[in-house]
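Visitor: Pasting the sequence and the predicted coordinates here, then a few questions.
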Amino acid sequence: MAPLGMMYLAAYLRRRESVDVRIIDMSPARMAYENLGQEIRNYRPDWLGISALTFESDGLHRVAAIAKEVRPDLPVVVGGPHPSAYTNQVMNDKHIDYTVIGEGELTADDLSQALRTHGSVDIIDGLAWRENGSVHVNPRLRYIENLDAMPYPAWDLIDIPRYRKFVRMSRCGISNYMVLFTSRACPYQCLYCHKIFGKDFRARSPENVLAEIQMLHDTYGVREFEIIDDIFNCDLPRAKRIFDLIAETGMKIRFTLPNGFRGDHADEEFFAKARRAGAVFMAFAVETASPRLQKMLRKNIQLDKINRNIGLARKEGIFCQGFFMLGFPSETREELLTTIDFAVGSKLHAAHLFIVNPYEGTELAKLAEQMGKPVFNNFDNNYLTPGFTNLTDLSDKELNRIRRWGLVRFWLKPSRVWAIVRDYPCKSQLPYLATILVKRLMLKAIG
């Protein structure tokens, strides 16, 4: 997707008249590493910022090394999900000078000013830096409260039409699209989750969200949107108001909720309004169908309600995908099968069955360490098929076997195959997706 975090940072930094910012997208098929050095030589930046997810961490370190090879004196600043979670490990890289932890705009702005004026960095909130061979970390204390006062992302620094060529989170789109943050943070306390934006829910007003959508529609020809909040519907009346405002404009747009959406915190009116506004896809994060584990994880999804809501969304013609997690500490074979039964018996069109991994910076990682299990550090794999740290009493082979069997049961249900063909929003992509599915099922069977 478009690098929305970097675009917000760029827009925030550009509030100062003397600041000039450039975004280089190093994601696959966008820029070759061998061209990066020349870009740095030509642009001659005062400092270089790199953002990365955990499964992109190899690329993060490679970019930092290239930057230092070209300009040994160039300050290299990293941020985003991976550096925020694995701060000490990232700072062990001699090519990296600073880490911005969590929400980045305030810290990046303070650091940028300090670097330009040769000021002190030791009082900057949410910053890690190296001094006299030691890593120092200032914890994140400040967050932006008034999100309506934030500038819109720097859309002009990317080539928006270019992103339509790449697979997006929802896998359903054919025209120019853009990702949106309408809120930040999630108040729930799930053990496996990071706190990149803190735990105090902060939201943009519906009118502010509509203005962004309208501008992207009118100025950049964007017709599809992906909302990637941590929890878009935390304030349910606000979410419904956003839908109403979009519908009232008469814009012919589509949008998806492929990420942060609380599936049991919605009602029939929510799905009806969403559909009228142009919703075509929603992801329901069930995680586990075990009431015991829901309580232990502190997610506390109401399983009967989320199952009902999946049906309500599908009734409105919304394509429904589910996320499930297998292999929590103390999870039994029977509980694993209960989760699979829930997925197979639901009205979901699609589902992912992930094996749980304890990532650094989460309470689950602390629990894993207490169990004598290693924190997950295998960053070489695609995030859909990573290695894993087994937190159960089952063998790795048995846990994988149960997951494979669950995927086969889910995808080979005839009524589900028909529902996918009937309801998928982008019919032209079905042959491509069918090819991917067959290959994955064959690999699961062989594995």
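Guide: Structure's in. What do you need?

Visitor: Apart from its chain neighbours, what residue comes closest to residue 288?
Guide: In space, and not counting its chain neighbours, residue 288 is closest to residue 339: 5.2 Å by CB to CB, 6 or more residues apart in numbering. Where C-beta positions appear, they are placed from N, C-alpha and C, glycine not excepted.

Visitor: how deep is the one you found tucked in, by neighbour count?
Guide: Per other CB atoms under 10 Å, the neighbour tally for residue 339 reads 23.

Visitor: same deal with residue 41?
Guide: Residue 41 is flanked by 10 other residues according to other CB under 10 Å.

Visitor: ok, now residue 207?
Guide: Residue 207: 11 neighbours (other CB under 10 Å).

Visitor: sorry, back to before: surely the residue nearest to residue 288 and residue 327 touch.
Guide: No - counting by CB atoms under 8 Å, residue 339 sits too far from residue 327 to count as a contact (10.2 Å).

Visitor: so residue 101 touches residue 137, yeah?
Guide: Yes - the criterion here is CB under 8 Å, and residue 101 meets it with residue 137 at 7.4 Å.

Visitor: Kindly indicate whether residue 286 is helix, strand or coil.
Guide: Classification of residue 286 using DSSP: H, G, I helix; E, B strand; the rest coil returns strand.

Visitor: Between residue 101 and residue 137, point out the one with more neighbours.
Guide: When neighbours are counted by other CB under 10 Å, residue 101 and residue 137 differ, and residue 101 comes out ahead with 21 against 14.

Visitor: how about that one, what does it touch?
Guide: Listed by CB atoms under 8 Å, 6 or more residues apart in numbering, the contact partners of residue 101 are 79, 83-84, 87, 107, 126-128, 137, 139-140.

Visitor: Relative to residue 377, how far out is it?
Guide: Distance, residue 101 to residue 377, by CB to CB, to the nearest Å: 19 Å.

Visitor: Tell me where this protein has strands.
Guide: 48-51, 76-79, 98-100, 127-131, 134-137, 177-180, 183-184, 202-203, 224-227, 254-257, 279-287, 319-326, 350-355 (DSSP state E).

Visitor: Can you tell me how far residue 399 is from residue 285?
Guide: From residue 399 to residue 285 the distance is 20 Å (CB to CB).

Visitor: OK, contacts around the nearest residue to residue 150 once chain neighbours are set aside?
Guide: The shortest distance from residue 150 to any non-neighbouring residue, by CB to CB, 6+ apart, is to residue 144 (6.5 Å). By CB under 8 Å, 6+ apart, the contact list for residue 144 reads 103, 105-106, 150, 184, 202.

Visitor: out of those, which is most surrounded?
Guide: Ranked by neighbour count (other CB under 10 Å), the contacts of residue 144 have residue 103 at the top, with 24 neighbours.

Visitor: Kindly list the main-chain dihedrals of it?
Guide: As for residue 103, its main-chain torsions (degrees, to the nearest 10) stand at phi -50, psi 130.

Visitor: What residues does it make contact with?
Guide: Neighbour list for residue 103: 126, 140, 143-144, 184, 196-198 [criterion: CB under 8 Å, 6+ apart].

Visitor: The same query, at a cut-off of 10 Å, please.
Guide: By CB atoms under 10 Å, 6 or more residues apart in numbering, the residues touching residue 103 are 5, 8, 79, 84, 126, 140, 142-144, 184-185, 195-198, 202.

Visitor: In ChimeraX, how would I select just the buried ones from those?
Guide: To isolate the buried members of the contacts of residue 103 in ChimeraX, using 16 or more other CB atoms under 10 Å:
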select :5,8,79,84,126,140,143,184,185,195,196,197,198,202
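
Visitor: Next step: the contacts of residue 103 restricted to helices.
Guide: Among these, DSSP state H puts 5, 8, 84 in helices.

Visitor: hang on, isn't the second one packed against residue 180?
Guide: No - between residue 8 and residue 180 there is no contact, the gap being 11.2 Å when judged by CB atoms under 10 Å.

Visitor: Pull up the overlap in contacts between the two.
Guide: Here residue 8 and residue 180 have residue 153 as joint contacts, going by CB under 10 Å, 6+ apart.

Visitor: before we move on, back to that, now list whatever residues contact both of residue 101 and residue 137.
Guide: Common contact partners of residue 101 and residue 137 (CB under 10 Å, 6+ apart): 87, 126-128.

Visitor: I'd like to know which of these are buried.
Guide: 87, 126-128.

Visitor: Residue 256: which of the residues you listed is nearest?
Guide: Using CB to CB, residue 126 comes nearest to residue 256 of those, at 30.8 Å.

Visitor: Would you map the helices across the stretch 251-400 of the chain?
Guide: Along the stretch 251-400 of the chain, the stretches classed as helices by DSSP state H, counting those that start in this stretch are 268-277, 291-297, 303-315, 333-345, 363-370, 396-411.

Visitor: Identify whichever of those helices lies nearest to residue 62.
Guide: helix 363-370 (25.4 Å).

Visitor: ok, and for that closest one, which residues are buried?
Guide: Across helix 363-370, burial judged by 16+ other CB under 10 Å covers 363-365, 367-368.

Visitor: Which residues outside it are in contact with it?
Guide: Residues outside helix 363-370 that contact it (CB under 10 Å, 6+ apart) are 85, 189-193, 195, 296-298, 328-330, 356-360, 362, 373-376, 389, 391.

Visitor: where does this protein have low pLDDT?
Guide: Residues of the chain that meet the criterion pLDDT under 70 lie in 28-31, 378-387, 440-447.
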